[in-house]
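*Asks:* next come a sequence and a model predicted from it.
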Amino acid sequence: YAVGAYHERWRIGVLEYSRDGVYEKAGDIAGATAHGAIVSEIPVASADKCFATDDDLKIQIRLIFGTLNSVTQDQMLNGANAAVVIHSDRRAEVLQFMDAELGEDGIYTLSGILRGRRGTDHWARNYVAPAGASFVLLNTKTAGGVFVPLADLGKTRVYRASEAKQDRSTGDVRSIVAAG
């Protein structure tokens, strides 16, 4: 995932990527993405917790926008409820969750966690995610992106995001070197 709208006024946008100067459409972005911050730190994961559902870990999230929903284990294993936790130094961990319970205080408690998804297990096993780290739900309807083939890790890709009605050549351009 490379882009998501952070404002409810966002209508629709387009994400494109390029390996060689020729842009290809990666997807549409429709509506704002559920996002917020983690309330308390997420501890370092043991190696066995990165590749199995962790039923002990509870992650608390305060959303700025959007809602979270629970899914079945099969839905989660098929990609539902993927999210990224982004540290202030730009380290990021992709995780998934099965259960999302909204408390009376407006804080969601996530459980049934899969850590270190999409090659981010290094970050999960070696770094604590501090309280206040950003949380973004990776919803394919409201966040656009491309999965990077493992062969492309370490190579620069150029991404361009623009509003659908905007001249795409004037879109915001970012060069990203995928690491995993």
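*Replies:* Structure's in. What do you need? Residues are numbered from 1 along each chain as shown.
*Asks:* in this protein, which spans are strands?
*Replies:* Taking DSSP state E, the strands of the chain run over residues 3-4, 12-18, 24-30, 35-38, 59-65, 82-86, 92-102, 107-117, 134-137, 143-144, 156-163, 172-177.
*Asks:* adding mean pLDDT, mean neighbour count and distance to L150, write the ones you listed out as a markdown table.
*Replies:* Every C-beta, even on glycine, is put in place using the N, C-alpha and C of the backbone. Compiled in a markdown table, the strands of the chain are given as follows (pLDDT from 0 to 100; neighbours: other Cβ atoms under 10 Å; distance: least, Cβ to Cβ, whole Å):
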| stretch | mean pLDDT | mean neighbour count | distance to L150 |
| --- | --- | --- | --- |
| strand 3-4 | 50 | 23 | 22 |
| strand 12-18 | 75 | 19 | 16 |
| strand 24-30 | 72 | 17 | 18 |
| strand 35-38 | 92 | 19 | 28 |
| strand 59-65 | 93 | 17 | 27 |
| strand 82-86 | 90 | 21 | 18 |
| strand 92-102 | 93 | 20 | 15 |
| strand 107-117 | 93 | 20 | 14 |
| strand 134-137 | 90 | 22 | 23 |
| strand 143-144 | 52 | 25 | 21 |
| strand 156-163 | 77 | 18 | 14 |
| strand 172-177 | 72 | 12 | 14 |
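*Asks:* contacts only, for G66.
*Replies:* Applying Cβ atoms under 8 Å, 6 or more residues apart in numbering to G66 gives the contacts 32-36, 137.
*Asks:* of all the residues you listed, which comes closest to Y17?
*Replies:* Here the nearest of the contacts of G66 to Y17, counting by Cβ to Cβ, is T33; it sits at 18.3 Å.
*Asks:* roughly how far apart are D56 and K49?
*Replies:* Counting by Cβ to Cβ, to the nearest Å, the gap between D56 and K49 amounts to 8 Å.
*Asks:* more neighbours: those two, which one.
*Replies:* Per other Cβ atoms under 10 Å, whichever of D56 and K49 has more neighbours is K49, with 21 against 8.
*Asks:* re earlier: just put the strands of the chain in TSV and tack on distance to D74.
*Replies:* Written out in TSV, the entries for the strands of the chain read as follows (distance: least, Cβ to Cβ, whole Å):
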stretch	distance to D74
strand 3-4	25
strand 12-18	28
strand 24-30	24
strand 35-38	26
strand 59-65	21
strand 82-86	15
strand 92-102	10
strand 107-117	12
strand 134-137	19
strand 143-144	22
strand 156-163	32
strand 172-177	32
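*Asks:* looking at the ones you listed, which is nearest to Q73?
*Replies:* The stretch from these with the least distance to Q73 (Cβ to Cβ) is strand 92-102; that distance is 5.9 Å.
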